[in-house]
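K.L.:
Mind folding the following:
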Amino acid sequence: MIAKEAMKVLGVSYTTLNRYVKKGYIRAYKYKMPKYMGKNNYWDDDVYALVGKKLQEKGHSVVGYVRVKGVFQADKDNLQMQKNNMREFCTKRGISLEKLYEDKGASTDYSKSGRPAFHELLRDIISNRIQALVIDTKCRLTRVAFEVLEELCIYHGVDIIIMNPVLSDPYYLEEQTNDLTKLIRDAGLDRIKKD
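P.N.:
A predicted model of the protein is given here:
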């Protein structure tokens with residue numbers, strides 16, 4: 001990750017980030033890609049390991065959230081894969097998950113009946129029971145307006161740790177297509193009803 005991302009994840013200044021590199025806490029090397037040529041690439045694993053260490057030292061409550069779109073076998077398999085990947089991700093970084101919230105519903109469904117674990121998670125965030133939240137990708141929480149949930153978490157002192165910032169999983173991409181199609185269709189229907 002680039003310096004700006006590493007600083008955001010760690011909540012530190014550029015000077016502190018460089019000090020971590022000099023002390024050997026974070027490995028870094030120069031990018032050779034044209035877009036980032038000459039900039040430092042800070043190793044994700046090292047950055048997140050420091051986050052895990054800081055969280056555990058402070059006795060923070062760390063939780064995870066996983067979600068799939070439905071109840072078919074492919075969905076069940078993906079849910080299990082998310083849980084396994086999250087446990088492995090956390091274990092490698094010394095993070096102990098206190099709780100794992102899981103839902104089976106569309107990312108665009110914000111109803112209590114459609115995503116009960118999401119509502120439980122929101123209540124726990126607002127009640128200050130959580131200090132950090134681990135998610136696979138942003139779309140596990142929401143397909144649109146992630147920034148709103150991120151601000152809510154910031155306001156309540158909850159760090160969000162995103163395991164995969166890039167959406168590349170075919171399951172997630174198919175789900176994204178379905179969700180966006182539904183949002184566009186619903187927006188069109190609302191407009192027709194008003195006319």
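K.L.:
Going along the chain, name the helices of the protein.
P.N.:
3-10, 14-22, 44-57, 73-92, 116-126, 138-141, 146-155, 170-194 (DSSP state H).
K.L.:
mind putting these in JSON lines, distance to Ser107 included?
P.N.:
(Each C-beta comes from the backbone N, C-alpha and C, glycine too.) Compiled in JSON lines, the helices of the chain are given as follows (distance: least, C-beta to C-beta, whole Å):
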{"stretch": "helix 3-10", "distance to Ser107": "23"}
{"stretch": "helix 14-22", "distance to Ser107": "33"}
{"stretch": "helix 44-57", "distance to Ser107": "24"}
{"stretch": "helix 73-92", "distance to Ser107": "13"}
{"stretch": "helix 116-126", "distance to Ser107": "9"}
{"stretch": "helix 138-141", "distance to Ser107": "6"}
{"stretch": "helix 146-155", "distance to Ser107": "10"}
{"stretch": "helix 170-194", "distance to Ser107": "6"}
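K.L.:
looking at those, which is buried most?
P.N.:
Between these, helix 138-141 has the highest mean count of neighbours, a mean of 22, where neighbours are mean count of other C-beta atoms under 10 Å.
K.L.:
With just CA atoms, put that one into PDB.
P.N.:
Included here for helix 138-141 are C-alpha records, laid out as PDB according to Å, rounded to 0.1, in the frame of the first residue of the first chain:
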ATOM      1  CA  LYS A 138     -16.400  -2.700   1.500                       C
ATOM      2  CA  CYS A 139     -19.300  -4.300  -0.300                       C
ATOM      3  CA  ARG A 140     -19.800  -6.800   2.500                       C
ATOM      4  CA  LEU A 141     -21.300  -3.900   4.500                       C
END
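K.L.:
any residues touching it, and which ones?
P.N.:
Identification of contacts with helix 138-141 by C-beta atoms under 8 Å, 6 or more residues apart in numbering yields 65-67, 82, 107, 118, 135, 146, 149, 162, 165, 167, 172, 175-176.
K.L.:
ends of stretch 21-39, how far apart?
P.N.:
The first and last residues of stretch 21-39 sit 14 Å apart, counting by C-alpha to C-alpha, to the nearest Å.
K.L.:
one step back: out of the contacts of helix 138-141, which comes closest to Ile126?
P.N.:
Using C-beta to C-beta, Leu149 comes nearest to Ile126 of these, at 11.7 Å.
K.L.:
is it true that that closest one touches Arg143?
P.N.:
No - using C-beta atoms under 8 Å, Leu149 makes no contact with Arg143, being 11.3 Å away.
K.L.:
Buried residues of stretch 61-73, list them for me.
P.N.:
61-69 (16 or more other C-beta atoms under 10 Å).
K.L.:
what separates His119 from Lys30, distance-wise?
P.N.:
Noted for His119: a distance of 45 Å to Lys30, by C-beta to C-beta, to the nearest Å.
K.L.:
picking that back up, turn the helices of the chain into JSON lines, including distance to Leu100 and mean pLDDT.
P.N.:
Output for the helices of the chain, formatted as JSON lines (distance: least, C-beta to C-beta, whole Å; pLDDT from 0 to 100):
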{"stretch": "helix 3-10", "distance to Leu100": "21", "mean pLDDT": "85"}
{"stretch": "helix 14-22", "distance to Leu100": "29", "mean pLDDT": "90"}
{"stretch": "helix 44-57", "distance to Leu100": "16", "mean pLDDT": "73"}
{"stretch": "helix 73-92", "distance to Leu100": "7", "mean pLDDT": "92"}
{"stretch": "helix 116-126", "distance to Leu100": "9", "mean pLDDT": "96"}
{"stretch": "helix 138-141", "distance to Leu100": "12", "mean pLDDT": "89"}
{"stretch": "helix 146-155", "distance to Leu100": "17", "mean pLDDT": "92"}
{"stretch": "helix 170-194", "distance to Leu100": "19", "mean pLDDT": "73"}
